[in-house]
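> how would this look folded up:
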Amino acid sequence: MEKQKMISNKIQVFIKNLIDIEEIGVISALIVMGIFLGIFTENFLSAKNLLEISRQASYVGIMAIGMVFVMSTGGIDLSVGAIYMLSPIVSALALEAGINEYLAIFLGLATGAVCGFVNGGLSVLLKIPMIVITLGTTTIFRGLGLVVSSARPIFDFSKESLLFKIGGEFIGPFPTSAVIMFVLVIIFQIVYTLTPWGNRVRAVGANLEAAKFSGVRVNRINISVMVLQGVMCAVAGILAMLFLRVAEPTQGGGYEMYTISSAIIGGTSLSGGAGSVVGAFIGSVIISVIRNGLVLLGVHYYWTGVATGIVIISAVFLDYLVSSSRE
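Numbering: from 1, shown residues only. Alright, predicted model coming up:
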């Protein structure tokens, strides 16, 4: 009876986190944007365009899952775009060398995990904030990507395998990357809200000294969230490679800002201790809707950066207001 009550309480907590007020706010903003673009553009609400938005949002959305955990500890990862670029290059080079496709994908995922471990390990070892470490490693990872690829697109490999047909195309009517993102969002929302590890992640960001006093191994938590972030970047980058059939040494530029802003828009606090995986997913959709909508409205592509920057500043300002109201 006691066990059933405990399970029931956990389910109630999970549901509460799924429909928190911050998520309702961003969902409302997304609906308003959708109505506006549906009225003032021809093709925004077409099935083809909406599916394309879901595909575009999936790459940033998957990386934003990891960013929620990183930011919840009080850190920020600026190297996500570089890992997003480097991991699929490793997989593509392995495929080009004739290595088994599943092993090649594993090598790409392992590359993301190693990059995340390097980020977390250096931060812990040198006692330097994560944002500073990743400011440096982003140039290292991008440089490695250019070196190992000889600064050329990697595409000279077979694209007829089942992996490419499923991973780079559709599951039913939906892009595979969007389906994978949705599944990962559900899994990691549960991990974030209902598991001891998720509780410890939030505890580190909420009150570092209290977390240490209660026995939380802070260094392990900081390294583990960075490894998760690295793997999420690798998953996103490899899915993009499977769709595009090429690994580009120039891809991923600016994705760190899209990823961070998605997390903030979705309710993850810059000061740590609070966040939402579901909210970050919605935030990534909002970013993609803005970029897609501006194109459909006939606004020059260069202005999408301006609009995204305004959204980031607005999100940070709202985060400040929410944080202030909680104090």
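
> going forward, measure contacts and count neighbours with C-alpha atoms only.
Will do.

> residues contacting residue 58?
Under the criterion of Cα atoms under 8 Å, 6 or more residues apart in numbering, the neighbours of residue 58 are 177-178, 181, 236, 284.

> Does the residue nearest to the spatial centre of the chain belong to a helix, a strand or coil?
The residue lying closest to the centre of the chain (Cα atoms, centre = their mean) is residue 63, at 1.7 Å. Classification of residue 63 using DSSP: H, G, I helix; E, B strand; the rest coil returns helix.

> if I read this right, residue 57 contacts residue 290, doesn't it?
No - contact criterion Cα atoms under 8 Å: residue 57 and residue 290 do not qualify, at 10.9 Å.

> The two: which is more packed in?
Taking neighbours as other Cα atoms under 10 Å, residue 57 and residue 290 compare with residue 57 leading, 25 against 21.

> pLDDT score assigned to that one?
Here, the pLDDT recorded for residue 57 equals 95.

> any idea which element residue 116 lies in?
Element membership for residue 116 (DSSP states H and E) is helix 101-126.

> tell me what that helix is packed against?
In terms of contacts (3 or more Cα pairs under 8 Å, 6 or more residues apart in numbering; DSSP states H and E), helix 101-126 is packed against helix 80-96, helix 130-149, helix 218-244.

> Determine which stretch of those helices is the most buried.
Of all the helices and strands packed on helix 101-126, helix 80-96 has the most neighbours on average by mean count of other Cα atoms under 10 Å, namely a mean of 28.

> re earlier: return the closest of the contacts of residue 58 with respect to residue 30.
Distance to residue 30 across these (Cα to Cα) is lowest for residue 284, with 10.6 Å.

> Check the offset of the helix holding residue 116 from the chain's centre.
A distance of 16 Å separates the centroid of the chain from that of helix 101-126, by Cα atoms, centre = their mean, to the nearest Å.

> low pLDDT regions in this structure?
For the chain, the stretches with pLDDT under 70 are 1-23, 315-316, 318-327.

> Which one of the helices and strands packed on helix 101-126 lies nearest to residue 251?
Closest approach to residue 251 among those is made by helix 80-96 (5.6 Å; Cα to Cα).

> Report the backbone C-alpha coordinates of the closest one in PDB.
Extracted in PDB, the C-alpha atoms of helix 80-96 (Å, rounded to 0.1, in the frame of the first residue of the first chain):
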ATOM      1  CA  VAL A  80      27.600  22.200 -28.400                       C
ATOM      2  CA  GLY A  81      27.800  23.400 -32.000                       C
ATOM      3  CA  ALA A  82      31.400  22.100 -32.200                       C
ATOM      4  CA  ILE A  83      30.500  18.700 -30.800                       C
ATOM      5  CA  TYR A  84      27.500  18.600 -33.200                       C
ATOM      6  CA  MET A  85      30.000  19.100 -36.000                       C
ATOM      7  CA  LEU A  86      32.800  16.800 -34.900                       C
ATOM      8  CA  SER A  87      30.800  13.700 -33.900                       C
ATOM      9  CA  PRO A  88      29.200  13.000 -37.300                       C
ATOM     10  CA  ILE A  89      32.600  13.700 -39.000                       C
ATOM     11  CA  VAL A  90      34.100  10.800 -37.000                       C
ATOM     12  CA  SER A  91      31.200   8.600 -38.000                       C
ATOM     13  CA  ALA A  92      31.400   9.600 -41.700                       C
ATOM     14  CA  LEU A  93      35.100   9.000 -41.800                       C
ATOM     15  CA  ALA A  94      34.600   5.600 -40.300                       C
ATOM     16  CA  LEU A  95      32.000   4.800 -42.900                       C
ATOM     17  CA  GLU A  96      34.300   6.100 -45.600                       C
END
